[in-house]
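S.K.: Structure for the following, please:
(one chain, ligands or ions: 1)
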Amino acid sequence: MRRMLAAAGALAAALAMAACGGGPAALPGAADVQAAPMPVGAKDPADVPTADAADTGCDARASLRPSGELPKPGSMPAGSTMATIAARGRLIAGVDQNSYRFGFRDPASGELTGFDVDVAREVARAIFGDPNKIQFRATNSAARIPSLQDGTVDIVVQTMTVNCARWKQVAFSTEYFTAGQRILVNKASGITDIDGLRGRKVCAAAGSTSIVNLAASPAKPSLVSVPDWTDCLVMLQQNQVAAVSTDDSILAGLAAQDPNTAVVGKRFSDEPYGIGVKLTSTDLVRFINGVLERMRADGTWNRLYDKWLTALGPASPPPAKYRD
Ligand code: GLU
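M.R.: Below is the predicted model of the structure:
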């Protein structure tokens, strides 16, 4: 079929040349070039949840204190959420498969890998003594909260910002990584910061804090949403948007995937990452905070950072903060 189309194209070109008296055929004008399709699920303009940014009535970083010593793997307290997970034989974790270095598919092995994936494995190790007793569900930004609420997953480890609006819907661990929002542009664009996006289209994932922060920014760009971060990269490559904007941690991964793009401008938000848990599973929150305490203290956090994130520069684990 493709070959037939090519043949038809060659014929058309030959006819055009004949019509012009043998001269070269005119190049198609912009109007003749078919517009590239938008990624499946793209929304232009994006829906913007209005209440989220205004909700500052809590200390979002403060989580629940671990209750004493961590129970040993294989001996979770009777009746606890951890005991239910242990009885099932595997932890179910929601992770990204589109965020290079955090949650992505290794093209060689086909396995989900990355910093967030390894953090989730540490929770499985603490319950079972085996980091492989885990089932991953590839989730996108908008599906994180619903999949915790309906029990599809036990935890979400997915570049997920802790904030007050979300604390009303799900619970979070202490902070395990700190990011901030910036923009990714085509190097040739000449755009150097968010002010250069006034009146331009910018892409972000639906259900992300990035959309809310952009809507609240003085530059007020036009917002386009997509299901996954890599969809935004495609839209940038097809010149359907002038920039992608989200956490610098995720943008660095996109920039590494396309050397024609660059992360520019200052950070304009604070994005502390927490592990998401069902709102009522406070025992699991305390347990995970115990696991994170241990990871900060025994060098596991640093080992995972060095394995995945050295491209982001030196860092140390964010300190734990508790409210009770
Ligand atoms: N950290 C932001 C959030 O949780 C953006 C990243 C994402 O959506 O994965 O919404």
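S.K.: who in the stretch 101-250 of the chain is up against the ligand?
M.R.: 141, 158-161, 205, 208-210, 246-247, 250 (C-beta under 6 Å from any ligand atom). In this view, the C-beta of every residue, glycine as well, is placed from N, C-alpha and C.
S.K.: can you name the two of these that are farthest apart?
M.R.: Q158 and S210 (13.6 Å; C-beta to C-beta).
S.K.: now the strands for the stretch 201-324 of the chain?
M.R.: Secondary structure of the stretch 201-324 of the chain, counting by DSSP state E, counting those that start in this stretch: strands at 201-205, 222-226, 243-247, 261-264, 271-273, 276-278.
S.K.: Take the ones you listed and lay them out in a markdown table including mean neighbour count and mean pLDDT.
M.R.: A markdown table is the format used below for those (neighbours: other C-beta atoms under 10 Å; pLDDT from 0 to 100):
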| stretch | mean neighbour count | mean pLDDT |
| --- | --- | --- |
| strand 201-205 | 27 | 98 |
| strand 222-226 | 23 | 98 |
| strand 243-247 | 29 | 98 |
| strand 261-264 | 18 | 98 |
| strand 271-273 | 23 | 98 |
| strand 276-278 | 25 | 98 |
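S.K.: so where's the stretch 51-200 of the chain uncertain?
M.R.: Filtered on pLDDT under 70, the stretch 51-200 of the chain yields the residue ranges 51-54.
S.K.: the strands in it, which residues?
M.R.: Under DSSP E, counting those that start in this stretch, the stretch 51-200 of the chain gives strands at 91-95, 98-99, 103-105, 112-113, 134-138, 155-156, 170-172, 177-179, 181-186.
S.K.: looking at those, which is buried most?
M.R.: strand 155-156 (a mean of 27; mean count of other C-beta atoms under 10 Å).
S.K.: Tell me how many other residues surround the residue lying closest to G265 once chain neighbours are set aside.
M.R.: Leaving aside its sequence neighbours, G265 sits nearest to D193 (C-beta to C-beta, 6 or more residues apart in numbering; 3.3 Å). Residues near D193, counting by other C-beta atoms under 10 Å, number 14.
S.K.: which residues does D193 contact?
M.R.: Taking C-beta atoms under 8 Å, 6 or more residues apart in numbering, we find D193 in contact with 183, 264-266.
S.K.: hmm, 7 Å instead?
M.R.: 264-266 (C-beta atoms under 7 Å, 6 or more residues apart in numbering).
S.K.: So S208 is in contact with T246, correct?
M.R.: Yes - under the criterion of C-beta atoms under 7 Å, S208 makes contact with T246 at 6.3 Å.
S.K.: what's near enough to touch the residue of the stretch 201-324 of the chain found nearest the ligand?
M.R.: Nearest residue of the stretch 201-324 of the chain to the ligand, counting by C-beta to the nearest ligand atom: S208, 3.3 Å away. S208 sits next to 141, 246 when contact means C-beta under 7 Å, 6+ apart.
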